[in-house]
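**Student:** Curious how this folds, go ahead:
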Amino acid sequence: MNKDCLANGRERGSSVLVTLLGRARRHGGRASREGMALLVVLVLTMFLALAGYSYLDQMEKTAMRAAGQGESIQAERVLESGVEWCLQWIERPGEAREMAGGLVDNAQLFAGIPLEPPVGRGSRAVDGGWRFTVLSSAADASQQEPTNAGPQRSPSMQRESTLVYGMDNLCAKVTLAQLIRWEAMEPGNAIQFFQGLPGGDPEGGLSGEKIQLAVRHWGRSMVRSGPRTGRAAIDTLVADERSLEEHHWDQLWTGGDLNQNYKLDPWEVRWRDQLPPWQRGTGRSSQTSMPTQQSGIPALQPGGAQLPHPQGWQQWIAEFSGCRNIRRDGQQRIPINHPDLLRLHQDLIQIWPAPWASYLVAYRQYGGRPVSDNPSRPQGATGSESTDYVPDFSVAAQTIIASPLDLIDSEVTIPSQSGEAPRRLTSPIQSNGPEFAEQLDRLVDDVWFEDVEYREGVIDTLEAPLEVLRALPGVSEEVLARWVQVRQQNGAARRSTPAWLVREQVLDLKQLRALLPWLTCRSDTYRAQVVAFRDAMTPIVRRVYLLDGRRDSAVSIPAQWLGEWDGGWSIDELDPGDRSRTSSGSSGIEQRGEQ
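**Tutor:** Sure, this is the predicted structure:
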């Protein structure tokens, strides 16, 4: 019986163990499946989250690219607005330019011009949108130019130059085409000009023989003048590949200012110092050179030495230059060699006294000569003999007048028609007359010896530096020194024509007659860097333009895109003034245009 009880107990225990093991096996499989499902859910959630994050990141980058592209398009339009702003000022008469403060150095007209109405009211009004600034590099007018004659370079090369708000006058520079003409008139003129530029002397690697070779090359390759880029203008200096390899023309043209912000940045100085001395373009040791700060104040190295303003040839050489052949009031000059004498007389009496017009017609018909060439003619004639003269328009023109100044102190002999004595007319414009200064101004301003729409390659007598004036043929260093000295004195408002050079005893009449075809007091060609900006978070976009207003409708020529460089300046430099602005709802362009 005991044995039966033990057997039954073993059977019950075995069945219980089997049951427990089966349950444990069943519960363990379920737990394993539940853990795997959780893992799968976590993995799927992670992939979905990553896909969502990738999508959001892609959308954010797309939105940023779209916004950047939109800002770039807006910046391009702002640049175009800046160019149009410059062109419409170039098209205005000289009197309107002077009333606005000029086009060369005028922060009120060219610094931080807003395209949108100011935000805020009264004194708290600020510009909150796109703006543009027009910049150029100009010498500091406070520095005196030399008054002594000599071969040394002028202080305009040694002084510090500052950033100015406005356009760069191309008529204050010399073009290569004009330099070729003057070289033909006065051999050696081009050598003297280039040897006066940084890097143009033998120390800078440009010898007189190479300049002569370059001049002959220009004469063969340059048929007529026209717009040329700065690099192309410099490339014409060479006649063979060997000359090109021996010079670093970019350094000569820019003076080391590669990013064209009109100062030598530290990295540009380090780059220049790595070049051989003859490639630096200055012909001087780099130990004496230093960059300027963004404010225009000379920057100081730790040792206290100063870095100069970049002295590139673009300061003295222009791609092209010229001015419209118009009077001070904006009307076209009258061509004194017009073949129709009746029409010429009618046009002249609209602006001149009748005796002036009649005498010019007689000069065209019968020719004239200076009174000094007639020994029987007394000096100091009053010219009363021409006051009652009436031209005979049936007589054709026989004489071409080379210069309006030929009328001064001259006389005309009219042959007799019926056996009477020839009639002698004396010019009503006499250099010893009490009103000669005013007469000379009118003579130079009202008429011209050619019937042309504009004049090319002229030199601005008021703004051209000494280095450019030296390119004029037949002018001594003593005359140039006085030229620079006199124009720094007061009286600039009266210098509206090149006649001021005679009035202020810089030139005599003979010298003015020789130089008059190349002199002007008005420029219609400019170089300008237009900068578009909005705020510190928006990229600064800038481009250099050549502006040609020699015709009735001024045009722009994009010369250099500077988008690959940095902004060049800070926002405070691009818009420096605390100018008062009203919140009338008009843009800065409209306000300043009304002013």
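**Student:** OK, contacts around the nearest residue to residue 254 once chain neighbours are set aside?
**Tutor:** Closest residue to residue 254 apart from its sequence neighbours, by C-beta to C-beta, 6 or more residues apart in numbering: residue 312 at 4.4 Å. C-beta here means a position set from N, CA and C on the backbone, and glycine is covered the same way. Residue 312 is in contact with 198, 252, 253, 254, 255, 256, 257, 281, counting by C-beta atoms under 8 Å, 6 or more residues apart in numbering.
**Student:** any idea what sits nearest residue 107, other than its immediate chain neighbours?
**Tutor:** residue 165 (4.2 Å).
**Student:** now, which of the contacts of residue 312 sits nearest residue 576?
**Tutor:** residue 257 (20.5 Å; C-beta to C-beta).
**Student:** Count the neighbours of the closest one for me.
**Tutor:** For residue 257, the neighbour count with other C-beta atoms under 10 Å is 22.
**Student:** Residue 400 too?
**Tutor:** Count around residue 400 with other C-beta under 10 Å applied: 10.
**Student:** thought it was touching residue 337?
**Tutor:** Yes - the criterion here is C-beta atoms under 8 Å, and residue 400 meets it with residue 337 at 5.3 Å.
**Student:** Overlap in contacts, these two.
**Tutor:** Common neighbours of residue 400 and residue 337 (C-beta under 8 Å, 6+ apart) are residue 449.
**Student:** I'd like the distance from the residue nearest to residue 107 to residue 116, if you could.
**Tutor:** The gap separating residue 165 from residue 116 is 20 Å, by C-beta to C-beta, to the nearest Å.
**Student:** who's more crowded, the two?
**Tutor:** residue 165 (24 against 15).
**Student:** Identify the bridge partners of that one.
**Tutor:** Beta-bridge partners for residue 165, by DSSP bridges, are residue 135.
**Student:** how close does it get to residue 109?
**Tutor:** Residue 165 is 8 Å from residue 109, by C-beta to C-beta.
**Student:** Going along the chain from the helix or strand encompassing residue 455, find the next helix or strand for me.
**Tutor:** Take DSSP states H and E as the rule and residue 455 turns out to sit in strand 454-456. Using DSSP H and E, the helix or strand that directly follows strand 454-456 along the chain is strand 459-460.
**Student:** Give the pairing partners of that following strand; include direction for each.
**Tutor:** Looking at strand 459-460 with DSSP bridges, its partner strands are strand 519-520 (parallel).
**Student:** circling back: now do the same contact list for the residue nearest to residue 107.
**Tutor:** 105, 106, 107, 109, 110, 111, 133, 134, 135.
**Student:** one more time with 7 Å, if that's ok
**Tutor:** Contacts for residue 165 (C-beta atoms under 7 Å, 6 or more residues apart in numbering) come out as 106, 107, 110, 111, 133, 134, 135.
**Student:** try residue 167
**Tutor:** 86, 103, 104, 134, 136, 526, 527, 528, 547.
**Student:** The third one falls within a strand, correct?
**Tutor:** If I follow you right, that is residue 104. No - looking at residue 104 with DSSP: H, G, I helix; E, B strand; the rest coil, it is coil, so not inside a strand.
**Student:** is it true that it touches residue 169?
**Tutor:** Yes - the pair residue 104 / residue 169 is scored as a contact, 5.6 Å apart, by C-beta atoms under 7 Å.
**Student:** shared neighbours of those two, anything?
**Tutor:** residue 463.
**Student:** Compare neighbour counts for the two and give me the winner.
**Tutor:** Between residue 104 and residue 169, residue 169 has the larger neighbour count (other C-beta under 10 Å), namely 24 against 21.
**Student:** give me the number of residues near the residue nearest to that one when sequence neighbours are not counted?
**Tutor:** Spatial nearest neighbour of residue 169, excluding adjacent residues (C-beta to C-beta, 6+ apart): residue 523 at 4.8 Å. Residue 523 is flanked by 30 other residues according to other C-beta under 10 Å.
**Student:** distance of residue 523 from residue 457?
**Tutor:** From residue 523 over to residue 457 (counting by C-beta to C-beta), the distance is 12 Å.
**Student:** Filter the contacts of residue 165 down to just the buried residues.
**Tutor:** 106, 107, 110, 111, 133, 134, 135 (16 or more other C-beta atoms under 10 Å).
**Student:** Closest to residue 394 out of the residues you listed?
**Tutor:** residue 106 (53.9 Å).
**Student:** Can you give me the pLDDT of the closest one?
**Tutor:** Residue 106 carries a pLDDT value of 90.
**Student:** what's the distance between it and residue 418?
**Tutor:** Per C-beta to C-beta, residue 106 is found 64 Å from residue 418.
**Student:** can you give me the strands in the stretch 401-550 of the chain?
**Tutor:** 410-414, 423-426, 447-448, 454-456, 459-460, 519-520, 525-533, 541-548 (DSSP state E, counting those that start in this stretch).
**Student:** Would you mind finding the most buried of the ones you listed?
**Tutor:** strand 525-533 (a mean of 26; mean count of other C-beta atoms under 10 Å).
**Student:** helices or strands next to that strand in the packing?
**Tutor:** helix 2-90, strand 131-139, strand 168-169, strand 541-548, helix 571-574 (3 or more C-beta pairs under 7 Å, 6 or more residues apart in numbering; DSSP states H and E).
**Student:** which stretches of the stretch 351-500 of the chain have low pLDDT?
**Tutor:** 373-387, 419, 490-493 (pLDDT under 70).
**Student:** what ranges do the helices span in it?
**Tutor:** Per DSSP state H, counting those that start in this stretch, the stretch 351-500 of the chain carries helices over the ranges 354-366, 436-446, 466-469, 477-487, 500-503.
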